[in-house]
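S.K.: give me a 3D structure for the following:
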Amino acid sequence: MKHLLILAISISAIPLLALAKPIDKANALFEHGLTSQSKAAYIDIIFEVETPEAEIAEALFRLGSIAFSENRVDLALREWGKLLARFPVQAAQYDIEKKIARIGDVYGSTADQILDNAVAKSFIANGDFYSDEKSLRTTIDTIWIPVIEASIAWYDRVITEFPKSPEAKTAYLKKFATIKGWKAKSKYGEDFGLFNKSQVTNTLSQLEKMLEQFEVDFPKDPSLQRMRYTIAQGYWMNKKWDDTRKWLNLIVSSDDERNGFYKDLAEWRLKKIEY
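M.R.: Numbering: from 1, shown residues only. Below is the predicted model:
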């Protein structure tokens, strides 16, 4: 009878084990003091393609908590920073912003930087929403919303609030691409920027002003030549020959003897502009 009872208990436990989630195993390992194994399990959860977002968020939170308990503050901040940037809703449930702020009171600017970077990335994501053509296929309707202006407003927040940071550079480049515009993918969509004849003059003016600001903050950035050529080509496509020459010559003079791709391209275009 004793053997039958043990067998019955074992069999009844099988469905429960089959239903267990990877996050449950990782939590069990942690609760039993198997910290190294639990960390490996949480990392597996993060990199598993089909893992639900809620479980990835919990794994990031747990990894940050373990790192903090081990006095590895920088690592804890990185993990919680990822959680804050990727899953802001779940991060709010774990009160991540306050945790990072409290750490900042003790450990200084490192925590503030992690928090600032996460917030900056969320601003960029918001800007992407307005100017990403794919967003028009979601259930959120952007009709009557000035998508260019809405997108740029988010990028400008990053540029203003996080000046000369890597996130500011990303925001500048995305802002430039947004102002440049795009051609509608659908038959009844709207063309923007350089692809809309009624917007070309204003678009080129905005691109020039933005490029001037970008060059002040990032004077040696390799993207400058590509951006200059975009403006030159915008003028060329609209038969503004003098402005085309001005920007092509600027590309050549800004090459600093690197003999780069855009200098070569500009020199070829200068040989034949009018058509």
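S.K.: give me the below-cutoff pLDDT ranges for the stretch 1-150 of the chain.
M.R.: 1-20, 103-119, 121-122, 132-143 (pLDDT under 70).
S.K.: again, 80 this time
M.R.: 1-20, 49, 71, 73-74, 99-126, 128-146 (pLDDT under 80).
S.K.: tell me where it has strands.
M.R.: Assigned strands in the stretch 1-150 of the chain: none (criterion: DSSP state E, counting those that start in this stretch).
S.K.: surely Y172 is in contact with D156?
M.R.: No: Y172 is not in contact with D156 according to Cβ atoms under 8 Å; the separation is 9.7 Å. For the C-beta atoms, the positions are set from N, CA and C on the backbone; glycine is no exception.
S.K.: what about those two, which has more around it?
M.R.: The neighbour comparison of Y172 against D156 (other Cβ atoms under 10 Å) goes to Y172, with 24 against 17.
S.K.: flag every buried residue along stretch 176-192.
M.R.: Residues of stretch 176-192 classed as buried by neighbour count (16 or more other Cβ atoms under 10 Å): 176-182, 192.
S.K.: which of the residues you listed sits closest to S223?
M.R.: Nearest to S223 among the buried residues of stretch 176-192: F176, at 8.2 Å, using Cβ to Cβ.
S.K.: what's the host helix or strand of the closest one packed up against?
M.R.: Using DSSP states H and E, F176 sits within helix 166-180. Counting contacts by 3 or more Cβ pairs under 8 Å, 6 or more residues apart in numbering; DSSP states H and E, helix 166-180 packs against helix 109-131, helix 147-161, helix 200-217, helix 223-237.
S.K.: as JSON lines, these with distance to F261 would be great.
M.R.: Shown next, in JSON lines, are the helices and strands packed on helix 166-180 (distance: least, Cβ to Cβ, whole Å):
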{"stretch": "helix 109-131", "distance to F261": "26"}
{"stretch": "helix 147-161", "distance to F261": "26"}
{"stretch": "helix 200-217", "distance to F261": "18"}
{"stretch": "helix 223-237", "distance to F261": "8"}
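S.K.: surely K82 and L60 touch.
M.R.: Yes: applying Cβ under 8 Å, one finds K82 in contact with L60, separated by 5.6 Å.
S.K.: give me the more crowded residue out of the two.
M.R.: Applying other Cβ under 10 Å to K82 and L60 shows that L60 carries more neighbours, namely 26 against 20.
S.K.: ok, the more buried one - contacts?
M.R.: Neighbouring residues of L60 by Cβ atoms under 8 Å, 6 or more residues apart in numbering: 42, 46, 79-80, 82-83, 86-87.
S.K.: follow-up on the earlier one: which residues touch the helix holding F176?
M.R.: With contact meaning Cβ under 8 Å, 6+ apart, helix 166-180 is reached by 117, 120-121, 123-124, 127-128, 131, 148, 151-152, 155-156, 158-159, 162, 193-194, 203, 206-207, 210-211, 213-214, 217-218, 221, 223, 227, 230, 234.
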